[in-house]
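J.: Following is a predicted model, sequence given first.
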Amino acid sequence: MGQFMGFLNIERKNQKERSPLERTDDWNEYKEAMTEKEIGEQAARCMDCGTPYCQIGMIVNRGTSGCPIHNLIPEWNDLVYRGLWKEAYERLSKTNNFPEFTSKACPAPCEGSCTAGLVSDPVSIKSIERAIIDRAFEEGWVVPRPPLRRTGKKVAVVGSGPAGLACADQLNKIGHEVAVFERSDRPGGLLMYGIPSMKIEKDVVDRRVHLLEEEGVVFKTGVNVGRDVTAAELKNDFDAVVLCTGSGKRRELPIEGRDLKGIAPAMNYLTVSNRHLLYGEPLPPDLNARGKRVIVIGGGDTGEDCVATAIRQGCRSVVQFGKHGRLPDRRTAGNPWPEHPNVFSVDYAYEEAEELFGRDPREYYVETERFTGNEAGHVTGLTTGSFKKNRDGREQKKWDADLVLIAIGFRGAEDRLFDDFEIQRDPSGRVILADEHNYQTSREGIFAAGDARRGATLIVWAIEEGRKAAAAVDLYLDDKQSLLKSLFK
């Protein structure tokens, strides 16, 4: 498989990126594809390691190790190395419904558990995956494939994020009639409105949605389930319902001054920005970073996307607070392979901030204590303390701010919809399943998958959840059909 000793003799390369100063002038994707020759060389680094940890897909020490959708990575790497691109695409699409999404938005836990990483750099799996799916679309291999027959069963999927789309795709392939209900005006969930265009351009999402439509999936947008259509109506009109609504209940920061203008949840900010780019809708003054001193509270990926968005809007400065310390440059003894490597990296938004403002925008061990404002009720700054105390006790610091974005995570599924379905959730807001293996809730015929069930996590986990929920629904419908047949014998 691959080139003998290739993982040692060939240097790892990642996808090229446009220069920070160039890309911050637009909203286009910041990564560029490799050449066919470069991709072939990177695929040659994949070794026949016997047990491919890159595809194990499991939680190890609270982190994701390997690919949760169990992509057959060594197989399609070898096919690319041998120039068999169509076969590589067919192998990739056996496990992954949407490689064009994962190759752009997934943090690649597969690479963190790559066996080559023990003695060298891991294989550039994410770059190879992107090259395969890009080639497949260019060559016209990705075409609508509607099912040859229909089962007569109808399934409603609530939510059109990665979990909902994967679930709908799988159920439709089997032959069930699938309707996807989405409360926004466009399908895609966070893929459409939560992730900035420089990571996933929106025509990429539209392209996949249109393919699903051509295959028979029906999208009902602008429908707020629980208000526009009730749980009882869905239960009556469909043979099964799958709730893939995500984990949309955001964590709050209930401190002094939180009600000041100019303080907003990160997802509100990103959604408004995406809608502005898609439709030309004007940015509300309090959600426009132009000329402002911006502070992002929260050190995760959503916070990073806020940093990149604020830069493109023309902010005066930007700082990102994190409650943890700076990660080490290399794995520590407490973070061994094949765990996900918790190591320091300078991702796209931080490269841009360094180029524009001369420093990494991240601050560590920061706890926000209170906001301050002016007589007009608008935020002007905030006071922080340090999670890391010094000899003199807790260190405080004051910061000037005109726009503060709160990106401290989510607390599970939103209340109203699940109350309408009378479905129980645990203290963290996740849907409780009657059986963890069949994705069915305590209500017969009502299933749940994705972040609503698992909690906010990676796009690959959402796709895996959607696929497994679809399999569970199919078994449920098959059992019902068998029961009906037995009753009328």
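T.: Looks like it came in fine. Numbering: from 1, shown residues only.
J.: buried set for stretch 170-185?
T.: For stretch 170-185, a neighbour-count test (16 or more other CB atoms under 10 Å) marks 170-184 as buried. The way it works is simple: take the backbone N, C-alpha and C, and place the C-beta from them, glycine included.
J.: now do stretch 191-203
T.: Neighbour counts over stretch 191-203 (16+ other CB under 10 Å) mark Leu191, Met192, Tyr193, Gly194, Ile195, Pro196, Ser197, Met198, Lys199, Ile200, Lys202 as buried.
J.: Other residues contacting it?
T.: Judged by CB atoms under 8 Å, 6 or more residues apart in numbering, the contacts made with stretch 191-203 from elsewhere in the structure are 23, 27-30, 101, 104-105, 161-162, 184, 186, 188, 205, 267, 270-271, 273-275, 277-278, 302, 305, 308-309, 312, 348.
J.: Pull up the distance across it, start to finish.
T.: Start to finish, the residues bounding stretch 191-203 are 11 Å apart (CA to CA, to the nearest Å).
J.: Quick one: mean pLDDT over that stretch.
T.: For stretch 191-203, the mean pLDDT works out to 96.
J.: and that stretch, how far out from the chain's middle?
T.: Computed by CA atoms, centre = their mean, to the nearest Å, the separation of stretch 191-203 from the middle of its chain amounts to 11 Å.
J.: hmm, back to that, take the buried residues of stretch 191-203 and write them to JSON lines, including distance to Val143 and secondary structure.
T.: Formatted as JSON lines, the buried residues of stretch 191-203 follow (distance: CB to CB, whole Å; DSSP: H, G, I helix; E, B strand; the rest coil):
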{"residue": "Leu191", "distance to Val143": "21", "secondary structure": "helix"}
{"residue": "Met192", "distance to Val143": "23", "secondary structure": "helix"}
{"residue": "Tyr193", "distance to Val143": "28", "secondary structure": "helix"}
{"residue": "Gly194", "distance to Val143": "29", "secondary structure": "coil"}
{"residue": "Ile195", "distance to Val143": "26", "secondary structure": "coil"}
{"residue": "Pro196", "distance to Val143": "29", "secondary structure": "coil"}
{"residue": "Ser197", "distance to Val143": "26", "secondary structure": "coil"}
{"residue": "Met198", "distance to Val143": "28", "secondary structure": "coil"}
{"residue": "Lys199", "distance to Val143": "26", "secondary structure": "coil"}
{"residue": "Ile200", "distance to Val143": "22", "secondary structure": "coil"}
{"residue": "Lys202", "distance to Val143": "22", "secondary structure": "helix"}
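J.: closest to Asp134 among the residues you listed?
T.: Within the set of the buried residues of stretch 191-203, Ile200 lies nearest Asp134; the separation is 13.4 Å, counting by CB to CB.
J.: So that closest one versus Leu190, what's the distance?
T.: Using CB to CB, to the nearest Å, we find Ile200 at a distance of 10 Å from Leu190.
J.: Also Met47?
T.: When distance is defined by CB to CB, Met47 is 35 Å away from Leu190.
J.: and what of Trp85?
T.: Using CB to CB, one gets 30 Å for the distance from Trp85 to Leu190.
J.: Next up, the contacts around Arg250.
T.: The contact partners of Arg250, taken as CB under 8 Å, 6+ apart, are Pro265, Met267, Ile406, Ile408, Gly409, Phe410, Arg411.
J.: Can I get the buried part of those as one PyMOL selection?
T.: In PyMOL, selecting the buried portion of these, with burial taken from 16+ other CB under 10 Å, looks like this:
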select buried, resi 265+267+406+408+410+411
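J.: Looking at the contacts of Arg250, which is nearest Arg91?
T.: For the contacts of Arg250, the residue nearest Arg91 by CB to CB is Phe410; the value is 34.2 Å.
J.: The closest one bridge partners, please.
T.: Arg250 (DSSP bridges).
J.: for it, what are its contacts?
T.: For Phe410, the set of contacting residues under the criterion of CB under 8 Å, 6+ apart consists of Ser247, Gly248, Lys249, Arg250, Arg251, Gly429, Asp451, Gly455, Ala456.
J.: most neighbours, which of the residues you listed?
T.: Taking other CB atoms under 10 Å to define a neighbour, the member of the contacts of Phe410 with the most is Asp451, carrying 30 neighbours.
J.: That residue is in contact with Leu243, isn't it?
T.: No. Asp451 is beyond contact range of Leu243, at 10.8 Å (criterion: CB atoms under 8 Å).
J.: Quick check: neighbours shared by these two?
T.: Once CB under 8 Å, 6+ apart is applied, the residues that Asp451 and Leu243 both contact turn out to be Ala413.
J.: packing partners for the lowest-mean-pLDDT helix or strand in the chain?
T.: Taking mean pLDDT, DSSP states H and E as the measure, the chain has strand 433-435 as its least confident helix or strand, at a mean of 77. Secondary structure elements in contact with strand 433-435, counted by 3 or more CB pairs under 8 Å, 6 or more residues apart in numbering; DSSP states H and E, are strand 440-441.
J.: just how off-centre is the strand it packs on within its chain?
T.: Its chain's C-alpha centre and that of strand 440-441 lie 24 Å apart, by CA atoms, centre = their mean.
J.: Could I get the average pLDDT for that strand?
T.: Looking at strand 440-441 alone, the average pLDDT works out to 94.
J.: Could you point out the helix or strand that follows that strand?
T.: Taking DSSP states H and E as the definition, the helix or strand that follows strand 440-441 towards the C-terminus is strand 446-448.
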